[in-house]
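Trainee: can you look at this prediction? I've put the sequence above it.
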Amino acid sequence: MCSTNSIVHGLPYPIPPSCSIPQLLGQQVSLFSDREALVLFRGATRLTYRELDKRSHIVARSLLSLQIAKNDKVGIFMGNCETYAEMFLGIVRIGAVAVLLNGTYTAHEAIKALRVTVENDSSSKWLSESYNCFLLRADTVDYSQLMRAEKNTTKDSLCCFLLTSGTTGSPKVAMLSHNGPRDSVDRKRYYLLSFPLFHCGGLVLGLIACLSHGSCVVFPSTIFNATAVSQCLAAEGCTGIVGSPTMFSLVLKARNLGAQNLCPARLRTGLIGGSSYSKSLWHNIREEFGAENLVHAYGKWSLSHHRLDDAFD
């Protein structure tokens, strides 16, 4: 006779109410202003919620100085780092749309992707100055102008364009609203993000999920590096990890090769997504990291809709 429970209880705290991403960040600043929100491993960058919020304000005002307005598209083409996060948050703060370009694109692929997202090439602007010079532009924009832009940004405003495929054919664009990229993670935990931020798994299950619940997202490196992930897990005391089966396999291999120099890493939870995986991999992850709350995410990644399941008991 089946003993499966007919009622399953979710998290012991409510999912955050629908709101725009800048509103969400503002709420978290009021609750956890001095809690770490973002860490770049070995990059000397540790940002609290207050600091990340402040930096996104500066980016937003700098964008306004360039006449960037609601629904304008702004491309981001870089690896996982604090600059990526603050640029994304600054873009969506004023109602503009972040176009998340695949960091592995060749020049030809990047141009092809931009042509898909830009309606009029003649109106496009290229940021040719250094990032520090760009940030200095914020001093030319009054806060009242930023407040007006934020007021016009709602939960239903477009948030970002996720580009799928495009290697052999034309890239396809998935459009997400501010209310779309939201997920649940446990509070007061450090989540190591292996996925790139241009991927839905990196943006939704990583950055936005952590911001939604006052957790900290940890970038082990700008691009995936199994050794860096392995070292970062223990050094930062990460309690969760998000990645694909291939990433987990490479991390396990890296830990086995450098076992004598690595501190134990114990995880409370982990999430595998992006492709199928073997039962042996699942058990190896649990054995190495002690992650009992290991779940599998699958579904329409580019639409930020997915399901979390326990796979092997």
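Mentor: Alright, I've got the coordinates. Numbering: from 1, shown residues only.

Trainee: Gly79: how many residues sit nearby?
Mentor: 16 (other C-beta atoms under 10 Å). Quick note: C-beta positions are derived from backbone N, CA and C, even for glycine.

Trainee: just the one 3 residues further on next, same as before
Mentor: Using other C-beta under 10 Å as the criterion, Glu82 is surrounded by 19 other residues.

Trainee: what do you get for Tyr191?
Mentor: Neighbours around Tyr191, by other C-beta under 10 Å: 25.

Trainee: name the element it belongs to?
Mentor: In this assignment (DSSP states H and E), Tyr191 forms part of strand 190-193.

Trainee: who's in contact with that strand?
Mentor: Strand 190-193 is touched from outside by 36, 39, 80, 185, 202, 206-207, 209-210, 215-220, 229, 232-233, 236-242, with contacts defined as C-beta atoms under 8 Å, 6 or more residues apart in numbering.

Trainee: list the contacts of Glu36.
Mentor: 46-49, 190, 216.

Trainee: check those for burial and list the buried ones.
Mentor: If you count burial by 16 or more other C-beta atoms under 10 Å, the buried members of the contacts of Glu36 come out as 47-49, 190, 216.

Trainee: just the ones in strands from the contacts of Glu36, please.
Mentor: Under the assignment DSSP state E, these contribute 46-48, 190, 216 to strands.

Trainee: can I get the CA coordinates of stretch 86-101 in PDB?
Mentor: Once non-C-alpha atoms are left out, stretch 86-101 reads as follows in PDB (Å, rounded to 0.1, in the frame of the first residue of the first chain):
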ATOM      1  CA  GLU A  86      25.100  45.800 -10.500                       C
ATOM      2  CA  MET A  87      24.700  46.500 -14.200                       C
ATOM      3  CA  PHE A  88      21.700  44.200 -14.400                       C
ATOM      4  CA  LEU A  89      20.100  45.800 -11.400                       C
ATOM      5  CA  GLY A  90      20.800  49.300 -12.600                       C
ATOM      6  CA  ILE A  91      19.300  48.600 -16.000                       C
ATOM      7  CA  VAL A  92      16.100  47.100 -14.700                       C
ATOM      8  CA  ARG A  93      15.800  49.800 -12.000                       C
ATOM      9  CA  ILE A  94      15.000  52.400 -14.700                       C
ATOM     10  CA  GLY A  95      12.700  50.100 -16.700                       C
ATOM     11  CA  ALA A  96      15.200  49.300 -19.400                       C
ATOM     12  CA  VAL A  97      15.600  45.800 -20.700                       C
ATOM     13  CA  ALA A  98      18.800  43.800 -20.000                       C
ATOM     14  CA  VAL A  99      19.900  41.800 -23.000                       C
ATOM     15  CA  LEU A 100      22.000  38.900 -21.600                       C
ATOM     16  CA  LEU A 101      24.500  38.000 -24.200                       C
END
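
Trainee: what is the mean pLDDT for that stretch?
Mentor: Across stretch 86-101, pLDDT averages out at 95.

Trainee: residues of it that come out buried?
Mentor: Buried residues in stretch 86-101, defined by neighbour count with 16+ other C-beta under 10 Å: 86-101.

Trainee: picking that back up, nearest to Arg137 among the buried ones among the contacts of Glu36?
Mentor: Leu47 (20.9 Å; C-beta to C-beta).

Trainee: that closest one against Ala37, yeah?
Mentor: Yes. With contact defined as C-beta atoms under 8 Å, Leu47 reaches Ala37; the gap is 5.6 Å.

Trainee: quickly list what's touching both of the two.
Mentor: Common neighbours of Leu47 and Ala37 (C-beta under 8 Å, 6+ apart) do not exist.

Trainee: name the spans of the stretch 151-300 of the chain whose pLDDT lies under the cut-off.
Mentor: The stretch 151-300 of the chain contains residues with pLDDT under 70 at 165-170, 180-188, 258-264, 298-300.

Trainee: and with 80 instead?
Mentor: 164-172, 179-188, 257-266, 270, 273-276, 291-300 (pLDDT under 80).

Trainee: show the residue spans covered by the strands in it.
Mentor: According to DSSP state E, counting those that start in this stretch, the stretch 151-300 of the chain carries its strands in the segments 158-164, 172-177, 190-193, 216-219, 240-243, 269-273, 293-300.
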